[in-house]
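Participant: One predicted model, sequence on top.
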Amino acid sequence: MIADIRVTVDAADIDIGAELARLEALGGGGVASFTGVVRGGGGLTALELEHHPGITLAMMTRIAEEAAARWPLLGMTAIHRYGRLAPGDRIVLVAAASPHRAAALEATAFLIDWLKTRAPFWKKEHFADGSSRWVEARAADDEAAARWSTKA
Amino acid sequence: MIADIRVTVDAADIDIGAELARLEALGGGGVASFTGVVRGGGGLTALELEHHPGITLAMMTRIAEEAAARWPLLGMTAIHRYGRLAPGDRIVLVAAASPHRAAALEATAFLIDWLKTRAPFWKKEHFADGSSRWVEARAADDEAAARWSTKA
Amino acid sequence: MPIEILYFAGIREAIGLSAETVSPPADVVTIADLVGWLAARGGGHAEAFADRARIRAAIGSDFADPGTPIAGAREIALFPPVTGG
Amino acid sequence: MPIEILYFAGIREAIGLSAETVSPPADVVTIADLVGWLAARGGGHAEAFADRARIRAAIGSDFADPGTPIAGAREIALFPPVTGG
């Protein structure tokens, strides 16, 4: 099964209906998806996302191909936004089409877990009082980063 | 967390974008979904779905409420179509909104597994040669049915 | 009291009706009795209920076993095992 | 040969540039050497690279360790640990 993989990093909003319709049209039994939304609270007014176009897209593509090698997928879509987003805005879509519903759901979980914790993005939070701060890498991410930085 | 549950059995097509947007608006971090599509092959020209309006909706609602009790969900949607569908048509949508992506994905898997194997629907397959046949309950479903039929 | 009987899927097709109203005699006490009484009409009813192991039932919105009493029921559904969506 | 250096996130902000082209001397052999050489400029560069444990790097589209030689590199990115999307 050769999976039809679509990976994008874009400032524009994500058209969930159109993206899922593309995967439905591949003829599998089902399409699983996960849509991430910017959460508010704590006075957050905006989340700013920065990425390295070459690295971010290359790594997202590699992980999507890894998912397609592990599960019998007809297609996979991973779209991540960058730039300034407000609470409630869509930030990421992962979706997978497969003849097997468990495969579609597991591949989706795999890719969103990687995207939310290890994908090459940097996030800055802006608050109502005018302050802002870069989100620190969590310990787990530092460890993940350490793995590649100690290979030398 | 009181989950906003929407359960429908309808002949009309499912507007995936609108349904997921409703769940996104509940303010959680993410929305997981699974869309089932009628599979073709073997000369299948149509799949006809029959249901018992009272029982089918009542049981779908009960299972959605069970999911909402097991996982921290902000909302859940389960829409199943009935009537005559062609290969490629959407047949079912399950979706869940949660602050936790694993909860949204697991609740979606739980509900689609139940819907695909144990929900009260009857399916008739129509073929290009004019023949048709009712889909037989699989052994696992017979066992499930046996559980309630031997409670007396 | 008359009971509305709903038929689904292959049972509906064999009988040629999706619903009918019946008034069974007093010795029809359970779902199993009802199915036997309906089957005794012969024709499509006999054909629909030939294989009793494949008959399932519900009273109102609740599944019911063959031994469930039908007293007080207003609507009873008879159908083959469900196949999932 | 001149090298294009890309800066991201807090490092970009401290330096005040998202990219610059530099021509390091021959004794700048590795990523670690390059970071030390850039930090020696003082000002925003010194501030950006004060905590070496929090500097990550990539040559082209591949992550690179501090010990990776930079010979032949056309584009090197320097950034803090990634935080996921």
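Facilitator: Sure thing, it's come through.
Participant: how about the lowest-mean-pLDDT helix or strand in chain C: buried residues?
Facilitator: Taking mean pLDDT, DSSP states H and E as the measure, strand C:62-64 is the helix or strand of chain C with the lowest mean score, a mean of 94. Neighbour-count burial for strand C:62-64, counted by 16 or more other Cβ atoms under 10 Å in any protein chain shown, picks out C:63-64. C-beta: built from backbone N, CA, C; applies to glycine.
Participant: Tell me the secondary structure at the residue nearest to C:I70 when sequence neighbours are not counted.
Facilitator: Excluding the flanking residues, the one nearest C:I70 by Cβ to Cβ, 6 or more residues apart in numbering or on different chains is C:L34, at 5.7 Å. Classification of C:L34 by DSSP: H, G, I helix; E, B strand; the rest coil places it in helix.
Participant: List the residues that contact the residue positioned nearest the centre of chain A.
Facilitator: Computing the C-alpha centroid of chain A and ranking residues by Cα atoms, centre = their mean puts A:L115 first, at 4.3 Å. Contacts for A:L115 (Cβ atoms under 8 Å, 6 or more residues apart in numbering or on different chains) come out as A:60, A:63, A:78, A:80, A:92, A:94, D:84-85.
Participant: ok, how many other residues are close to residue 68?
Facilitator: As the question left the chain open, I've gone with chain A. Neighbour count for A:A68, taken as other Cβ atoms under 10 Å in any protein chain shown: 21.
Participant: looking at chain C here, not the other one
Facilitator: 21.
Participant: Verify the contact between it and C:I59 for me.
Facilitator: Yes: with contact defined as Cβ atoms under 8 Å, C:T68 counts as touching C:I59 (6.6 Å).
Participant: shared neighbours of the two, anything?
Facilitator: The contact sets of C:T68 and C:I59 overlap at C:I31 (Cβ under 8 Å, 6+ apart).
Participant: hang on, C:E47 in a strand?
Facilitator: No: counting by three-state DSSP, C:E47 is not part of a strand but helix.
Participant: these two touch, right, it and C:G16?
Facilitator: No: the criterion here is Cβ under 8 Å, and C:E47 misses it with C:G16 at 10.2 Å.
Participant: Those two - which one has more neighbours?
Facilitator: C:E47 (15 against 12).
Participant: Ramachandran coordinates for A:A11?
Facilitator: The phi/psi pair for A:A11 (degrees, to the nearest 10) reads phi -80, psi -30.
Participant: And for it, the neighbour number?
Facilitator: So A:A11, with other Cβ under 10 Å, has 10 neighbours.
Participant: Now do the same contact list for it.
Facilitator: If you count contacts by Cβ under 8 Å, 6+ apart, A:A11 has them with A:81-83.
Participant: could you redo the last one with a cut-off of 6 Å?
Facilitator: Neighbour list for A:A11: A:82-83 [criterion: Cβ atoms under 6 Å, 6 or more residues apart in numbering or on different chains].
Participant: In chain C, what residue lies closest to chain D?
Facilitator: Per Cβ to the nearest Cβ, C:G85 is where chain C lies closest to chain D, at 33.7 Å.
Participant: any idea how far that residue lies from A:P99?
Facilitator: Distance check for C:G85 against A:P99: by Cβ to Cβ, to the nearest Å, it reads 16 Å.
Participant: next one: A:F34
Facilitator: From A:F34 to A:P99 the distance is 20 Å (Cβ to Cβ).
Participant: Which of these two has more residues huddled nearby?
Facilitator: The neighbour comparison of A:F34 against A:P99 (other Cβ under 10 Å) goes to A:F34, with 25 against 16.
Participant: what about the helix or strand hosting the more buried one, near chain D?
Facilitator: According to DSSP states H and E, A:F34 maps onto strand A:30-37. No: contact between strand A:30-37 and chain D is absent, the nearest approach being 7.5 Å (criterion: Cβ under 6 Å from any Cβ of the partner chain).
Participant: Excluding chain neighbours, what is closest to residue 40?
Facilitator: Since you didn't name a chain, this refers to chain A. Here the nearest residue to A:G40 in space, its sequence neighbours aside, is A:P87; by Cβ to Cβ, 6+ apart that works out to 3.1 Å.
Participant: other chain: chain C
Facilitator: That would be C:A46: by Cβ to Cβ, 6+ apart, it lies 7.6 Å from C:A40.
Participant: What is the burial count for the nearest residue to A:L73 once chain neighbours are set aside?
Facilitator: Excluding its sequence neighbours, the residue lying closest to A:L73 (Cβ to Cβ, 6+ apart) is A:A3, at 4.3 Å. Using other Cβ under 10 Å, A:A3 has 21 neighbouring residues.
Participant: Please give me every residue in contact with A:A3.
Facilitator: Contacts for A:A3 were tallied using Cβ under 6 Å, 6+ apart; they are A:68, A:73, A:75-76.
Participant: Any chance of these in JSON lines with secondary structure and distance to A:I14 as columns?
Facilitator: Shown next, in JSON lines, are the contacts of A:A3 (DSSP: H, G, I helix; E, B strand; the rest coil; distance: Cβ to Cβ, whole Å):
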{"residue": "A:A68", "secondary structure": "helix", "distance to A:I14": "21"}
{"residue": "A:L73", "secondary structure": "coil", "distance to A:I14": "20"}
{"residue": "A:G75", "secondary structure": "strand", "distance to A:I14": "16"}
{"residue": "A:M76", "secondary structure": "strand", "distance to A:I14": "15"}
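Participant: Pull out the buried residues from those.
Facilitator: The neighbour-count test (16+ other Cβ under 10 Å) marks A:68, A:73, A:75-76 as buried among these.
Participant: From those residues, pick the one nearest B:A25.
Facilitator: Checking the buried ones among the contacts of A:A3 against B:A25 by Cβ to Cβ gives A:M76 as the nearest, at 26.3 Å.
Participant: still on that earlier bit, so what secondary structure elements neighbour the next helix or strand after the strand holding A:F34?
Facilitator: Sequence-wise, the next helix or strand downstream of strand A:30-37 (DSSP H and E) is strand A:44-51. Strand A:44-51 sits against strand A:83-85, strand A:121-127, with contacts defined as 3 or more Cβ pairs under 6 Å, 6 or more residues apart in numbering or on different chains; DSSP states H and E.
Participant: quick check, distance from strand A:44-51 to the centre of its chain.
Facilitator: Strand A:44-51 sits 15 Å away from the centroid of its parent chain (Cα atoms, centre = their mean, to the nearest Å).
Participant: Burial check on A:V92, number of neighbours?
Facilitator: A:V92 has 25 neighbouring residues, counting by other Cβ under 10 Å.
Participant: Would you agree it falls within a strand?
Facilitator: Yes: under three-state DSSP, A:V92 falls within a strand.
Participant: Give the bridge partners for it, please.
Facilitator: A:G36, A:H80 (DSSP bridges).
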